[in-house]
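Asker: Have a look at this prediction, sequence included:
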Amino acid sequence: MKLPVYLYGHPLLRKVSEPVGEDYPDLDRLIDDMFETMYYSEGVGLAAPQIGKNIRLVVIDADPVADTHPECAGRKLTLINPEIEVLEGEKITRAEGCLSLPGLSENVGRVEKIRLKWLDRDFTPREEVMEGFLSRIVQHECDHLEGKMYIDHVSPIRRQLIRGKLNDIVNGKTKCDYPAKYAPRRR
Ligand code: NI
């Protein structure tokens with residue numbers, strides 16, 4: 001089942017998410033629904049807060065960008081309670097987008113190399129060193145679990161320049177090609 005994607009301005013995107021336990025109800029179905037939602041909206045990653053659940057769960061399928069980023073080939077991941085350790089401090093700047101910020105793409109600096117520890121969908125502990133665009137996707141999605149969005153890494157001057165577009169999303173004026181949940185209206 002496709003789920004609506006919560007858009008920039010929605011307060012649930014700004015909360016720190018809770019760890020997921022093995023007893024979380026209907027977790028398998030939720031993971032399947034998140035993959036379906038991500039594929040439908042043509043994203044390569046989706047974090048649970050983006051569908052309105054403040055739990056530490058992320059789905060990723062980076063294969064669509066494997067042409068330009070070979071490290072992404074065949075990488076389909078479910079991350080439960082992921083933890084990032086930074087291995088390479090120098091930041092590299094590349095354009096990013098986010099399903100919660102439709103119509104926008106901005107340059108974001110991210111570290112190149114990380115060690116990721118996580119539980120996969122059957123709660124098996126996993127650990128891997130990741131680089132390149134795969135590392136970037138993981139950092140972007142894990143930010144969502146801390147209530148952060150890529151726009152927070154963009155310079156204040158740049159943010160000022162795109163303020164109109166950000167306000168349009170907050171005020172429900174941005175058209176979205178997939179089912180979306182806009183921020184509650186301020187009264
Ligand atoms: Ni995002």
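Answerer: That came through fine. Numbers count the residues shown, from 1 in each chain.
Asker: Tell me which stretches of this structure form helices.
Answerer: Listed in chain order, the helices of the chain (DSSP state H) span 27-40, 132-145, 156-161, 163-170.
Asker: Most tightly packed of those helices?
Answerer: helix 132-145 (a mean of 23; mean count of other Cβ atoms under 10 Å). Using the backbone N, CA and C atoms, a C-beta is placed for each residue, glycine as well.
Asker: In the protein, which residue is most central in space?
Answerer: The C-alpha lying nearest the average C-alpha coordinate of the chain belongs to Glu141 (Cα atoms, centre = their mean; 3.2 Å).
Asker: Report the contact partners of Asp168.
Answerer: Shown here is Asp168, whose contacts under the criterion Cβ atoms under 8 Å, 6 or more residues apart in numbering are Thr174.
Asker: separation between Val16 and His144?
Answerer: When distance is defined by Cβ to Cβ, to the nearest Å, Val16 is 10 Å away from His144.
Asker: Actually, Met34.
Answerer: 12 Å.
Asker: Now for those two: what residues contact both?
Answerer: Shared contacts of Met34 and His144, counting by Cβ under 8 Å, 6+ apart, come down to Ala48.
Asker: so Leu79 makes contact with Ile60?
Answerer: Yes: with the criterion set as Cβ atoms under 8 Å, Leu79 and Ile60 qualify as a contacting pair; they are 7.0 Å apart.
Asker: Between those two, which contacts overlap?
Answerer: Shared contacts of Leu79 and Ile60, defined by Cβ under 8 Å, 6+ apart, are found at 138, 141.
Asker: so where do the strands sit in this structure?
Answerer: In order along the chain, the chain carries the following strands (DSSP state E): 5-6, 45-47, 57-61, 76-86, 91-96, 106-111, 114-119, 125-130, 180-181.
Asker: For burial, what's the neighbour tally of Asp26?
Answerer: A total of 9 residues lie near Asp26 under the criterion other Cβ atoms under 10 Å.
Asker: and it, what pLDDT?
Answerer: At Asp26, the predicted lDDT confidence score is 97.
Asker: same thing with the one 10 residues further on?
Answerer: Listed pLDDT for Glu36 reads 98.
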